[in-house]
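1. structure for the following, please:
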Amino acid sequence: MADSGRVLFAASEVFPLIKTGGLADVAGSLPAVLREQGVDVRILMPAYGAVLERLGGAPEVARMQLPGGPVGILETRLPDSEVPVWLLDHPDFSQRGGNPYHDAQGHPWADNAQRFLLLSRLAAAVAAGDSPLDWRADVLHCHDWHTGPAIALARYYAHPPMTVFTIHNLAHLGLFDRATFDRLHLPQELWSIHAMEFYGNFCFMKGGLNYADWVTTVSPTYAHEICSAPGGMGMEGLLSQRRERLVGILNGIDTEVWNPATDAHLAAPYSAASLERKALNKQRLQEELGLPQRADLPLFGFVGRLAEQKGVDLLLPLLDELLATPAQLVVLGTGEARLEQALGELATRHPQAAALRLAYNEGLAHRIEAGADIFLMPSLFEPCGLNQMYSLRYGTLPLVRATGGLADTVTDASDANLAAGTATGFVFGTPDSDALRGAAQRALSLWAQPERWRAMQATAMAQDFSWERSAAQYLQLYGFAAAD
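-> Just a heads-up that it's a prediction; the model follows:
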């Protein structure tokens, strides 16, 4: 296939237009990099009211009739790029405020099946060249359950595109009952265990998993984990059958936003060549959070949701012991009330050693990545994870559990890896506090050896987690030649 291949990205959210999770980051970053590689990539997403308000409106470039009703197609550009974005204009999206998926009380919109099937129908039609847009795709690349039916429906066109389906969050399958399926006027053959039926429900996600030419997810280890229980969330049988068509490709990070040498949030920007300046960021962070400014104490950092999934329950039994070594801890995040309370009590017991901020603050997140010595990420599961990649880039060595993208991005400081000069962090396997304690003790032991620690920091900062790296793998999957 030629360099100038055509790809349609279909996604329910795209950063910076609208974001609720990591899906938006991928849909907003990967297309721009592919465009720079010579790919004619377009994005299709809903014209939510919040998106139109942000844009100040967008011109209509086409109208067409779909089984779910007439729709308008608006056009804009992905900010700071040359990527065209087509917006599906329909009252079910544009005349509804708040979250894309649920109401103010957190209940899913009752018509989500109809809404996102409309997006899927339009994606399939545009990709197959059956729309007024005078464009068709070589590849239709869909993301998560909202666009799963597009993969199934694309097969019905005379010139179907190659299809790729990316799993970002297998916990949300897009399940709807039989009565809803009957109202959607879909081909009856899709109501089958071999198609999109799932334990008496109609499953949007299964459309993508079953029919895509390639299924991808956001790390190689997670691709392996979802082929068995519990990681497969009930889809492990199907995913195991399709294992030869299942690929894990790590998400990238924005290396301009997350760059310690140019980070405007930092008191003292630094690079691998000026690592001594990192200590100034530690000092300023301690000052900002009311901790004693002690260069001689290791500083642990945690940024993320305070949730069971993130391994906070593994951390809690260790923290009193850890702080007594002595060490310091800074935590930034919000989440489950019981975990917020437990961490609050810890900070009260150790006012000179622990600082807790129950909020999310982008600037402070950057300063923790720069000022901490060790970044804690003991997740029970983590499809990809981004904070460990930020930490590596900032020379803050991550302590992680061997799961999903954490296993793929952090190389443990084993004796062999230290001798080979490949170690970048501290990895433990069993999801319990004893295993975490062992990893923390190894981290503290190495922290007390400044020359070895500095060597690990240099190796960590040399890792490449750019979107360009990810894009090269997608180009290969699409069958496109890389641009010269």
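
2. surely Ala104 touches Arg96?
-> No. The pair Ala104 and Arg96 does not pass the contact test of C-beta atoms under 8 Å, sitting 11.2 Å apart. Heads up, the C-betas are built off the backbone N, CA and C, glycines and all.

3. between these two, which one's more packed in?
-> When Ala104 and Arg96 are compared for neighbours, Arg96 comes out ahead with 17 against 8, by other C-beta atoms under 10 Å.

4. which parts of the stretch 301-450 of the chain are helices?
-> Here the stretch 301-450 of the chain has its helices, by DSSP state H, counting those that start in this stretch, at 312-323, 337-349, 362-371, 387-393, 404-409, 415-420, 433-447, 450-461.

5. out of the ones you listed, which gets nearest to Asn210?
-> helix 404-409 (23.1 Å; C-beta to C-beta).

6. let me see the mean pLDDT of that closest one.
-> For helix 404-409, the mean pLDDT works out to 98.

7. cool, and stretch 184-200?
-> Mean pLDDT, taken over the full extent of stretch 184-200, equals 97.

8. who's in contact with that stretch?
-> 67, 113-114, 117, 148-149, 152, 156, 173, 175, 177-178, 181, 202-204, 206-207, 210, 234 (C-beta atoms under 8 Å, 6 or more residues apart in numbering).

9. before we move on, back to that, what's the overlap in contacts for Ala104 and Arg96?
-> For the pair Ala104 and Arg96, no residue contacts each of them under the criterion C-beta under 8 Å, 6+ apart.

10. could you grab the helix/strand/coil label for Ala158?
-> When the structure is split into helix, strand and coil by DSSP: H, G, I helix; E, B strand; the rest coil, Ala158 lands in coil.

11. phi, psi for it please.
-> Dihedral angles of Ala158 (phi, psi; degrees, to the nearest 10) stand at phi -60, psi -40.

12. what residues go with each domain of the chain?
-> Per automatic domain parsing, the domain ranges recorded for the chain read 6-252+467-478, 272-461.

13. those: which one's closest to Asn259?
-> Between Asn259 and the domains of the chain, the tightest spacing by C-beta to C-beta is seen for domain 272-461, at 7.3 Å.

14. can you give me the end-to-end distance of that closest one?
-> Its start and end residues considered, domain 272-461 measures 7 Å (C-alpha to C-alpha, to the nearest Å).

15. ok, now stretch 91-107?
-> With C-alpha to C-alpha as the measure, the ends of stretch 91-107 fall 19 Å from one another.

16. quick one: low-confidence residue ranges for this protein.
-> By pLDDT under 70, the low-scoring segments of the chain are 1-4, 481-484.

17. would you point out which residue is most central in it?
-> For the chain, Gly22 is the residue whose C-alpha lies nearest the centre (C-alpha atoms, centre = their mean; 3.3 Å).

18. wait, isn't that one in contact with Leu386?
-> Yes. Applying C-beta under 8 Å, one finds Gly22 in contact with Leu386, separated by 7.4 Å.

19. give me the common contacts of these two.
-> By the contact definition C-beta under 8 Å, 6+ apart, Gly22 and Leu386 are jointly contacted by Asn251.

20. for the residue nearest to the centre of the chain, which non-adjacent residue is spatially closest?
-> Nearest residue to Gly22 in three dimensions, chain neighbours excluded: His168, at 5.9 Å (C-beta to C-beta, 6 or more residues apart in numbering).

21. just Pro292 next, same as before
-> In space, and not counting its chain neighbours, Pro292 is closest to Gln352: 5.8 Å by C-beta to C-beta, 6+ apart.

22. residue boundaries of the strands in the stretch 1-150 of the chain?
-> In the stretch 1-150 of the chain, strands defined by DSSP state E, counting those that start in this stretch lie at 6-10, 40-46, 60-66, 69-77, 84-89, 139-143, listed in chain order.

23. most tightly packed of these?
-> Mean neighbour counts were compared across those using mean count of other C-beta atoms under 10 Å; the top stretch is strand 139-143, at a mean of 29.

24. can you give me how far it is from the chain middle?
-> Averaged C-alpha coordinates place strand 139-143 at 17 Å from its chain's average position (C-alpha atoms, centre = their mean, to the nearest Å).

25. that one pairs with which strands, parallel or anti?
-> Taking DSSP bridges as the criterion, strand 139-143 pairs within the sheet with strand 6-10 (parallel), strand 162-167 (parallel).

26. what does that strand contact?
-> When contacts are taken as C-beta under 8 Å, 6+ apart, the neighbours of strand 139-143 outside the stretch itself are 5-12, 23, 26-27, 120, 123-124, 127, 148, 150-151, 154, 161-166, 168, 208, 212, 478.

27. quick one, which of the residues you listed are buried?
-> 5-12, 23, 26-27, 120, 123-124, 127, 148, 150-151, 154, 161-166, 168, 208, 212, 478 (16 or more other C-beta atoms under 10 Å).

28. export only the CA atoms of stretch 275-288, formatted as PDB.
-> Extracted in PDB, the C-alpha atoms of stretch 275-288 (Å, rounded to 0.1, in the frame of the first residue of the first chain):
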ATOM      1  CA  LEU A 275      20.600  15.800  36.700                       C
ATOM      2  CA  GLU A 276      22.000  17.700  39.700                       C
ATOM      3  CA  ARG A 277      19.200  20.300  39.000                       C
ATOM      4  CA  LYS A 278      16.600  17.700  39.900                       C
ATOM      5  CA  ALA A 279      17.500  18.200  43.600                       C
ATOM      6  CA  LEU A 280      16.200  21.800  43.300                       C
ATOM      7  CA  ASN A 281      12.800  20.500  42.200                       C
ATOM      8  CA  LYS A 282      12.700  18.100  45.200                       C
ATOM      9  CA  GLN A 283      13.600  21.000  47.600                       C
ATOM     10  CA  ARG A 284      10.800  23.200  46.100                       C
ATOM     11  CA  LEU A 285       8.300  20.400  46.200                       C
ATOM     12  CA  GLN A 286       9.000  19.800  49.900                       C
ATOM     13  CA  GLU A 287       8.700  23.500  50.500                       C
ATOM     14  CA  GLU A 288       5.400  23.700  48.500                       C
END
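
29. got the buried residues for it?
-> Applying a neighbour-count criterion of 16+ other C-beta under 10 Å, one finds Leu275, Arg277, Lys278, Leu280, Asn281, Lys282, Gln283, Arg284, Leu285, Gln286, Glu288 buried in stretch 275-288.

30. how about those residues, which pair is most distant?
-> When C-beta to C-beta is used, the two most widely separated members of the buried residues of stretch 275-288 are Leu275 and Glu288, lying 20.8 Å apart.
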